[in-house]
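> Take a look and give me a structure for this.
(chains A and B)
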Amino acid sequence: SAVISQKPSRDICQRGTSLTIQCQVDSQVTMMFWYRQQPGQSLTLIATANQGSEATYESGFVIDKFPISRPNLTFSTLTVSNLSPEDSSIYLCSVSNRGNEKLFFGSGTQLSVL
Amino acid sequence: GQNIDQPTEMTATEGAIVQINCTYQTSGFNGLFWYQQHAGEAPTFLSYNVLDGLEEKGRFSSFLSRSKGYSYLLLKELQMKDSASYLCAVKSPGTYKYIFGTGTRLKVLA
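Residues are numbered from 1 along each chain as shown, chains lettered A, B, ... in the order given. Predicted structure coming up:
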């Protein structure tokens, strides 16, 4: 199984600022995903982080608001830009490998926007 | 479109058996997964079905019927620590994306 280090674990940010979340995996993985989990709700896929190219975003999510980097097979960042209170949520990094069906999750980042 | 439905909440008694249902309508199917998520924690993998039938793993079993777009998670000999949310997820072929259902919050009472 993959060990995923996600940080920060939580942050409180001011409206209009940005927060960058880091996800580090202890081994090379094929797929990396970013999910959002709003209070009391299930997981919504934001995007698939692609190594060396632009991320693939889901409907309703755009690069300007959620820029993502993935410079190599073990690391990715998600930035949540121009924060508003509606962005208050848990953000989760997750990884999987082709041929291994399990999806592993980081511990999550609890973001509160004032 | 993608639609995965689960009951919002269920309550059961310690030692009992509970069945959590999941129905799905997705454009493509490459496996159905169940995850457990305790409050304030990340989801953890419970089970995976890609063929029809029952997969048993200790106290937990998961069933899949692809023709009906239906799965259930069966929890036996319930323990207080089983109080958690249970998430059903479908994996899309080709893209390797996992789409999650609404989640079922299970409360186990003494």
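> got the buried residues for the one helix or strand B:L73 maps to?
Per DSSP states H and E, B:L73 falls inside strand B:70-75. Buried residues in strand B:70-75, counted by 16 or more other C-beta atoms under 10 Å in any protein chain shown: B:S71, B:Y72, B:L73, B:L74, B:L75. In this view, the C-beta of every residue, glycine as well, is placed from N, C-alpha and C.
> Ok, stretch A:91-103 next?
By neighbour count on 16+ other C-beta under 10 Å, the buried set for stretch A:91-103 is A:Y91, A:L92, A:C93, A:S94, A:V95, A:S96, A:N97, A:E101, A:L103.
> Those in strands, which ones?
Judged by DSSP state E, strands contain the following of the buried residues of stretch A:91-103: A:Y91, A:L92, A:C93, A:S94, A:V95, A:S96, A:N97, A:E101, A:L103.
> wait, what's in contact with A:S27?
A:A2, A:V3, A:T74 (C-beta atoms under 8 Å, 6 or more residues apart in numbering or on different chains).
> Buried by neighbour count, from those: which ones?
Here, 16+ other C-beta under 10 Å leaves A:A2, A:T74 buried among the contacts of A:S27.
> For the contacts of A:S27, could you give me a markdown table that also reports distance to chain B and secondary structure?
Output for the contacts of A:S27, formatted as a markdown table (distance: C-beta to the nearest C-beta, whole Å; DSSP: H, G, I helix; E, B strand; the rest coil):
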| residue | distance to chain B | secondary structure |
| --- | --- | --- |
| A:A2 | 11 | coil |
| A:V3 | 12 | coil |
| A:T74 | 17 | coil |
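> now, among the buried residues of stretch A:91-103, which is nearest to A:C23?
When the buried residues of stretch A:91-103 are compared for distance to A:C23 (C-beta to C-beta), A:C93 wins out at 3.4 Å.
> Thank you kindly, that will do.
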